[in-house]
Each structure stands twice: as C-alpha cells, then as structure tokens.
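Peer 1: Here's a sequence, model it:
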Amino acid sequence: MRLPLRSVFVLALVAASAATLSASKPVFWQTATLNDFLRGEVENLSVDSHGRLVLGPATEVVAETTSPFLWAMAVASDGSLYVGSGNEGKVFRIDPAGKTTTFFDSTELEVHALALAPDGTMYAATSPDGRVYKIDRTGKGAPFFDPEDKYIWSLALDPQGNLYAGTGEKGLIYKITPDGKGTVLYATKATHVISLAFERTGQLLAGTESPGRLFRVDTAGKAFLLLDSTFQEIRSIRIDPQGNIYLAALSGRPSPASQPTATPPAEASPSAAREPVPTVTTEVTAIAVVDTGGASIGTTEAPVREDRRGGRGAIYRIRPDGLWDILWESGEDSPYDLMFDSNGALIVGTGRNGKLYSLTGDPATATLLVQATAQQVTGFARDARGNIYYATSNPGKVFKLSSERAAEGTYTSFVRDAQTVADWGTLSWRATVPAGGRVDVFTRSGNTATPDDTWSAWSGPYSAANGEEIKSPNARYLQWKTVLAGKQASPVLTSVSAAYVQRNLRPKVTSLTVHPAGTVFQKPYPTGDPDIAGFDDQAPDRRILSSTGNPGSSSTLGRRVYQRGLQTFVWRAEDANDDELQYEILYRREGETEWKSLKGELEEAIFVWDTTSVPNGTYLVKVVASDQAANTPGAALEGELESSAFDIDNGPPVVTVTATRPSNGRTTIQFEVRDDWSSVSKVEYSLDAQRWLVVYPRDGIFDSRHEQFELTLENGDKARGLILRAYDAKNNSATARGDVVTK
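Peer 2: Model (predicted):
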C-alpha cells in the first residue's frame, strides 16, 4: 500500500557569502552515499546498501557484566543465556527474566567456547592453560579434559555425545568421549583451530589461524581442504539449510577480490587478535639527498601523515559443490561471528566499531543493521522463538536484537574538519517523511577534533529542508545529527549538505628539488622538437644530448636530457582551500640578502634557469606560491620555500703543461688541471683525437679543484700529437696540446 506523505523534501545547496579574509568559493560537505553514512554512528537506525538512513530494529540491553570481554554464547532450552567471559574466566547466566548471575567461575583467565548438551550439561573451554570443564545444571564444575595444549578455542558436540575441541598452539583437533578420554582426531598443521561446526552429513568443519583455512574432517580423521583463504584466521562457521557454508575471515594479506583501504598490522596470535586494534598516525619529516654521478639532488619534504588502520575481513560462501565466493569484504570492520535471522539474512557481528551488518540477496547487498554501544560484537545466539542475542566486548554486554522496528533513532555524523575557523552557510537535506513521522536535524560546532564540553550546544531542530542558515557559532569543526521517528512507517533520509566558507589558508611549498646542472626534461607530449619542460628555448644553437632516466621528483616530466648551462628546479605545493596557485621563483648569491626575481606568474611547478646569465658562484633559489588568483587582493596569502645552496659553474677548467722530459725513447709530460668552482672529475688523453684514455692524478683520486698529473709515452715521437682533455664536476671541459709547455 502506498503511504501518504506529509512532505517530500528536496536538496538545495545555497552558497555562503565570503568574508574579507575567507576563501572565495564555498565548500559543500555532503553526506549522501553508503560510505558517507557509514562514517557516522547510528542508534536504532540502519543504513541500507543504497546509502539511505531508515529506522532499524529495536535493540535492548539484556545484561551488563563486570567483564570487559565476552567471547562465547549458548542458549538453553528454557531460554537462559550463558556467556563466557575474558579477564575473569567466568560463565554468566542470564535467566529469562533478565537477571544476571555468575554460573561458574573457573581458575582460568578466558572462557573462549561453550557447548550445551541436550541434558543441560555445559562444557566450557578455557585458556591459557587449555582445559575443558564439565558443568552441571547447578553450576558445579570440574576439569573434564586437560591436554598439554595451551589454548582451547572451539568446541562442538556430535549426536553421540562426543565433544570435539579445537586447540592451539599446535593446531590439533581432539575427539573426547563422554567419559572424558580424548584422542587427536586430526592435526591441521596450522597454529590454532579457532572454529568448529558440524554439517548435516556429520562431517566436522574446522577453521584455522595461521594460515586461515577451512578443513572438512570425517569420523575417521581424514581431512579435505575446502578453502585456503587469503586471510589469517577463520573466526566463525555457519551453515544454511541448503548446505552453503559461510565463514567469517579476518586479518592477513590483501585479497585479490578487492583492494582494501588499508592493510592492518599482522596479529601475533588469536589472543592478540581478540584485542581492539588502535589507529596509529605517524608524522615524518624527511630530507632526501640522492647521488647522481657526482651531482646531487636536494629535496626538502614537508611533514607527511601516514594513516594505518586496523581491522579487516571478509565473508566467504562455499557452495555444496565446493565453489566459493566472497560475499562481503571490509577494510574497516573485522567480522567476529555470524548468525541467520528468521528471514534467512546473514547477520555479521564486527569490530572495531560494534557494527552489525545484514547480508541479503545474490549477489549480496549489505545493510548496516545496528551499531552496538561497544567496540566489538563477538558472539551470537538464537533461542527457540527465533530471538537473536549478541555479546560484545569493550564493554562486556549482552543485547537482544528485536524483529520489531524502533520507533525512533538517532544518527550522529563524523566530525567535519574545515581546516581552520569557517563561516557556516546553509544546512539542507533530502528526506521522505510518511504521515506521523518526522526528521529533525541539529548541528553543533567547536574547536577540538573530538567534541567535548567546550563545544556549542546542539542547535535546532532546523525546519527548512531546502536550506536554512546554520546557527552554530563559527569554528573549525562541525557535526550534525538527525533524529528519525515514525510509528506506522519509517522516514527515509537520503542526503544532508552543509555549506561553509573556509578562512583562507596559506599555501605551502612542500618540497623544492634542485636538479644537477645541465639536467633538463623533455615535455611529456613533445610536438616535433624535443621541448624542455619549464624552459622556452629560443637559442637555435643549443645542442641537446639525450639520455634515459627518471626525473624522480615529478611523474609528469618526460625523458631526462642534458643541456649545458641550464639548471632545473621542480617543486611541489599544496593549498588546503584547493585554490589555484601561481608561483614566482627568485634567486640570490650566497652572502647577499636581496632576492631577485627570475620569473613570476608561473602556473607549472617547474622552472629551468639559463645560468650562463650570471657569474659563477654559490646561489640559492626561493619559490613563492600565491593563491591570489582565487582570492580577493586583501585575502590572498603566500607560502615559500628556500633551497639549499648550490654552485653555478659554467667556466671550463684550465689545463697547464708544466714540463716535458724526453729520455731513452720515452717522453714524460707533467701537467696540472685547475678549476675555480668545481672539482676536477675526469682527465683523458688522445694521440689521434679519436680514442681517449683516462689518466689519473698523482694521488690517485679526483677530489679537488687542483690536480697534478704525470704521463709517460713509450715512443717519444708520439708526444708531438698528444691532446689532453679535462672535465670538472659540472661537465665543463677544456682541451690542450700536450707537447707544448705552457707554464
């Protein structure tokens, strides 16, 4: 039946006017896609696969325990819930009335698995001493099976009353008879056996960690590998009525199925995997100096933020014929457990934000069903009436997931960072609201990244969906929330937009690279002539020598070439307002204070200087970035970066023959090479001006501006055609006759 609509709101984006010191163009923060909405927090609301916000299932806190971690759940025939905990090693009982008591207190730290027999007997697997306790209906328990293994992660019961235990650190599966005698059913050769489940055929499924594999083991202990996943751990196994196997896999190497947003650090063991993984942000300042055959490239880098995100996983489906596929994969959320609801949808409990997803359809689509007030959803249980319960960690709570829709729910957006104090503009949204429903939107602002008591109070509710001025005070950070309510049907919120104008931020020149003298780069798309990027070559007599190479500092540059007398400068700049930038490059000689402009109004981040226009010497350059093209004159700002000192040397070295001494058919020539600015890098001689041989200084090392040489020729007559050629470190060269004393 078509629902009557009270109103249909449409999105209207209204530009904010710019203040004198504000950037000239408005920014629109829009939340309109699935990924946008998933960044916020939901309470009794769901986000469907189309990125629409609707009322979600009602949730109820059934129990709040004293333990920070809850690992395992089981439900008894009378509706009582049993929960295995961490840090205290207790089993809690929650009766149908909601009363929570300590049912059993082991001497261990962790209870990682529970199994209930038809007669009401409970088995509890503990760590780190690796015991299985047998507990009667009254809560009285005693060790039932005590292997040498350190961890017991999983339990499963067969119809004959045999108990199966998955262990670590040897990856063994034990079969334990009703009288407590255990034997190794199968050794997986993995480190840990994390999950166990029985198929309808009576065969045992075992999920392992390090590596993340799934085995099918028959009653004789013969195993067949069903899946060798790309993940580190198979955490949970569920089987639907059609015999399809569903697996929760987490951590490990990237899957070829998709590219995650981040790769988490490897987890050392399952015990470590059960702890929340923090987000680590590292700030690095780097200065790189690269040797390029005698010359150097000096690059100064600005601080770089590296974001490492923890938590990653996927849901596999293995069909009865053995074919498998990945239904769902996340770079943010790690799946811990699975459960089917009464409609056959697969519910996925995740960490690190306590989100529950619902997977339906083929191909599967994901809905953010609900978000718990805890960091991890670690276990599910379903009673005889079809009620679904889930356990959480950090803190340790038990919730009931209702089949009824919540009457009201709240969504709180993530905090928007405007980078500086901003002038807020208009808030608008798009929603469909049925009769009897409502959508209320609020905003608040502050100057701390995390909202605290210094933030403003919530402003609103706003009434004009097509645009209303934001009432929160100007600040750096903004957040909005919405309350959806509906008795007969749910409102649907599809997008929210907030407009603001940033205060203009200063551009930053983040790096400036001085390439070796003579190194230039062809333009990426030359047209005929080998154009040099950053240089307007009007000199027809310039000779360009081509060589292969990577410019290193800019991926947009072409092939590296050499041209004497030119110096290339490449830089990177950024503007937090995303303003168009123009550049000016200036120079000064070392020891001077006045900067002289080489070129202004540059639009590309590269410049080639014809250094033959200045005397040899030591120089510095400076790049100034300006956002004046995008701002009013009074609001424009500049940022600059100065290079390290570098030498300009366009003069050749001087070769001087100091003596020639004929003796016994030989001729010894003594000569020296001097250069005013650069070290002597190479000297060679030729007797026919075609074949050149290297001659080394007397001290054996080319390392100074003044080097002395001695050359002896076996046939004295050949000395008459001797030619000497010398190079300095800037590739300047000079030649001289070797048979004439010039000093």
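
Peer 1: From the chain's centroid, how far away is the longest strand along the chain?
Peer 2: Counting residues, the longest strand found in the chain (DSSP state E) is strand 416-434. Its chain's C-alpha centre and that of strand 416-434 lie 27 Å apart, by Cα atoms, centre = their mean, to the nearest Å.

Peer 1: Next one: the residue of the chain most remote from its centre from T712, what distance?
Peer 2: The outermost residue of the chain, judged against the average C-alpha position, is N664 (75.9 Å), by Cα atoms, centre = their mean. Going from N664 to T712 by Cβ to Cβ, to the nearest Å gives 11 Å. In short, each C-beta sits where N, CA and C put it, glycine included.

Peer 1: and if you look at G617?
Peer 2: Between G617 and T712 the computed distance is 38 Å (Cβ to Cβ).

Peer 1: again with T426
Peer 2: 88 Å.

Peer 1: which one of those two has more residues nearby?
Peer 2: Set side by side, T426 and T712 show more neighbours around T426, with 22 against 13, by other Cβ atoms under 10 Å.

Peer 1: so the more buried one bridges to which residues?
Peer 2: E469 (DSSP bridges).

Peer 1: Am I right that it is in contact with K471?
Peer 2: No: the pair T426 / K471 is not scored as a contact, 11.1 Å apart, by Cβ atoms under 8 Å.

Peer 1: joint contacts of these two?
Peer 2: Common contact partners of T426 and K471 (Cβ atoms under 8 Å, 6 or more residues apart in numbering): none.

Peer 1: Check the burial of A220 by counting its neighbours.
Peer 2: 8.

Peer 1: Doesn't it lie inside a helix?
Peer 2: No: A220 is assigned coil when assessed by DSSP: H, G, I helix; E, B strand; the rest coil, not a helix.

Peer 1: What distance do you get for it to V132?
Peer 2: 23 Å.

Peer 1: How about I194?
Peer 2: For I194, the distance to V132 - Cβ to Cβ - is 16 Å.

Peer 1: Mind checking which of these two has more residues around it?
Peer 2: For I194 versus V132, neighbours defined as other Cβ under 10 Å are more numerous around I194 (29 against 24).

Peer 1: Using the three-state scheme, assign that one.
Peer 2: Using three-state DSSP, the secondary structure recorded for I194 is strand.

Peer 1: Surely it and I237 touch.
Peer 2: No: I194 is beyond contact range of I237, at 9.4 Å (criterion: Cβ under 8 Å).

Peer 1: For the helix or strand hosting A113, list the C-alpha coordinates in PDB.
Peer 2: Element membership of A113 [criterion: DSSP states H and E] is strand 110-116. C-alpha atoms of strand 110-116 as PDB (Å, rounded to 0.1, in the frame of the first residue of the first chain):
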ATOM      1  CA  GLU A 110      39.500 -16.700  29.500                       C
ATOM      2  CA  VAL A 111      36.400 -18.800  28.500                       C
ATOM      3  CA  HIS A 112      36.600 -18.900  24.800                       C
ATOM      4  CA  ALA A 113      34.000 -21.500  23.900                       C
ATOM      5  CA  LEU A 114      30.800 -23.100  25.300                       C
ATOM      6  CA  ALA A 115      28.800 -26.200  24.300                       C
ATOM      7  CA  LEU A 116      25.500 -27.300  25.800                       C
END
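
Peer 1: which residues are contacting the next helix or strand after it?
Peer 2: Following strand 110-116 in sequence order, the next helix or strand is strand 122-127 (DSSP H and E). With Cβ under 8 Å, 6+ apart as the test, strand 122-127 has contacts from 74, 82, 84, 89, 91, 104, 106, 108-117, 131-136, 141, 144, 150-155, 157, 163, 165, 271.

Peer 1: Output strand 122-127 as CSV, nothing but the C-alphas.
Peer 2: The C-alpha coordinates for strand 122-127 follow below in CSV (Å, rounded to 0.1, in the frame of the first residue of the first chain):
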residue,chain,number,x,y,z
MET,A,122,27.7,-27.5,29.8
TYR,A,123,31.3,-27.7,28.6
ALA,A,124,33.5,-24.6,28.9
ALA,A,125,36.9,-24.3,27.1
THR,A,126,39.4,-22.1,28.9
SER,A,127,42.8,-20.5,28.3
